[in-house]
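Chemist: Sequence first, predicted coordinates after that:
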Amino acid sequence: MQKLKMTTIVVSAIFCLALQAEDTITNMSRMDQNDGSMSSVAVTDQGLLGTCYAHAVSQASDAYIHAKQLADTKHATSPIMVGLEYKDNVLRRLLGLPGQIDGGTICRTYKKSVQKYGACDQEVVEGLIDTMYAAYPKSYKTKKFIDEVSAIFKTYRKKTRFKLHKDSERNKTAKIVTKYFADNGALAALQPSEYAIYQALKEKTSVLFLNRVFKSLCYNNRTMVEGTKCKTRHNLIRSAEGKLKLIEEMKANISRPNAQPLMISYCAKVLLNGKSYQGIKNAFSYFKLNQCGYHASLVIGARELNGQPQFLIRNSWGKGCAGYSKDWQCENGNIWVDARALVNNLTDYHKLITKK
């Protein structure tokens, strides 16, 4: 009997310890569930392109569009078009700077693309590219398309550098690009016209050329987002106390009724290396951001895990969870990260607000 009693005590003690070891989750708010603003916005994959900023802007725009019922929940903004429109500027037009859509700033991107022109539906841009290169993963198709079309454009520019036979070369190149679409499996109904390609060849860089080609497809496929602006909150020079206040400020934004996602600029290595990583230690770290994997994502939720605040990050690296630190809980492309660790690696957060 005594032995049985001792066994019961030991089992009870182990059971109590197991209960204490269980995580306690409280005060959860998330926008991707229960008809929240992100509940119809799918996880995206930027693939080999440095277009995280365009994905963040596109998804935040979609959350606003769906919440305000400006379009049905099937609408998804094209990150490619957002990136191309952000890179369309006077300096590139005057100097013919090399074409690429990697890297951008969030609020400026929103202003120069979605706010100015409206949100182009990805069905006419990514939808076109998705019909091509059947053997390639979706996340790699876009880079392959941009690289190969840019190569055709650059060859054309070399041949017309001194304006010899320019019109005939433009006609010839427009036919080459049209044939390139068809040969790689693009559906005829989705392709830009040969005339639109011919007109776009007047541009000086491949980015501007692609921008103009896709504009012809986006013309009747835009959702206008009027009366909004993008507001930035900076974090680089905050004290420890200021960072705690920033966490409370972000939590308040996320927890309010009909909340919209926050777009963040931060060091992505915190996702990979875990709690101990701190890529931003002071304002001078701004000049070394390329070393910390400077990145853009969304914050779409908040909770407390065992009394400690966490934020839910919506990333643009697809639905997989491989590569993320074991410190964090990954859910199909959404990652729960300690709020303090995130804020220690945060340069700014941005949000869409209604103009007064």
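Modeler: Arrived safely, thanks for sending.
Chemist: What helix or strand is residue 266 located in?
Modeler: Under the criterion DSSP states H and E, the helix or strand holding residue 266 is strand 262-267.
Chemist: residue ranges of the strands in the stretch 101-250 of the chain, please?
Modeler: 119-120, 222-223, 228-234 (DSSP state E, counting those that start in this stretch).
Chemist: Partner strands of the strand holding residue 266, with direction?
Modeler: Next to strand 262-267 in the sheet, as set by DSSP bridges, lie strand 294-305 (antiparallel), strand 346-354 (antiparallel).
Chemist: what's the most buried one of the strands of the stretch 101-250 of the chain?
Modeler: Highest mean neighbour count of the strands of the stretch 101-250 of the chain: strand 119-120, a mean of 28 (counted as mean count of other C-beta atoms under 10 Å). C-beta: built from backbone N, CA, C; applies to glycine.
Chemist: just checking, what packs against it?
Modeler: Identification of packing neighbours for strand 119-120 by 3 or more C-beta pairs under 8 Å, 6 or more residues apart in numbering; DSSP states H and E yields helix 52-67, strand 222-223.
Chemist: And for whatever helix or strand comes next after the longest one, what's in contact with it?
Modeler: Using DSSP H and E, the next helix or strand after helix 52-67 towards the C-terminus is helix 79-87. Contacts made with helix 79-87 from outside it, assessed by C-beta atoms under 8 Å, 6 or more residues apart in numbering, are listed as 44, 46, 49, 51, 53-55, 57-58, 99-101, 104, 108-109, 112-114, 116-117, 120, 122, 125-126, 129, 142, 207-208, 210-211, 214, 218.
Chemist: which other helices and strands contact whatever helix or strand comes next after the strand holding residue 266?
Modeler: The element immediately downstream of strand 262-267 (helix or strand, assigned by DSSP H and E) is helix 269-273. Using 3+ C-beta pairs under 8 Å, 6+ apart, the elements in contact with helix 269-273 are strand 334-338.
Chemist: The strand it packs on vs strand 262-267, what angle?
Modeler: Here the directions of strand 334-338 and strand 262-267 differ by 70 degrees (axes from the mean of the first three to the mean of the last three C-alpha atoms, to 10 degrees).
Chemist: the helices in the chain, which residues?
Modeler: Counting by DSSP state H, one finds helices in the chain at the ranges 2-21, 52-67, 79-87, 90-95, 106-110, 116-117, 126-130, 138-159, 166-183, 194-200, 206-218, 240-255, 269-273, 339-343.
Chemist: which residues are in contact with the shortest one?
Modeler: Contacts to helix 116-117, defined as C-beta under 8 Å, 6+ apart, come from residues 85, 218, 222.
Chemist: and that helix, what's its mean pLDDT?
Modeler: Over the span of helix 116-117, the pLDDT mean works out to 96.
Chemist: Apart from its chain neighbours, what residue comes closest to the residue nearest to the spatial centre of the chain?
Modeler: Geometric centre of the chain, nearest residue: residue 55, 2.2 Å, by C-alpha atoms, centre = their mean. With sequence-adjacent residues excluded and distances taken as C-beta to C-beta, 6 or more residues apart in numbering, residue 55 is closest to residue 316, at 3.8 Å.
Chemist: on that earlier part again, of the helices of the chain, which is nearest residue 299?
Modeler: helix 240-255 (6.5 Å; C-beta to C-beta).
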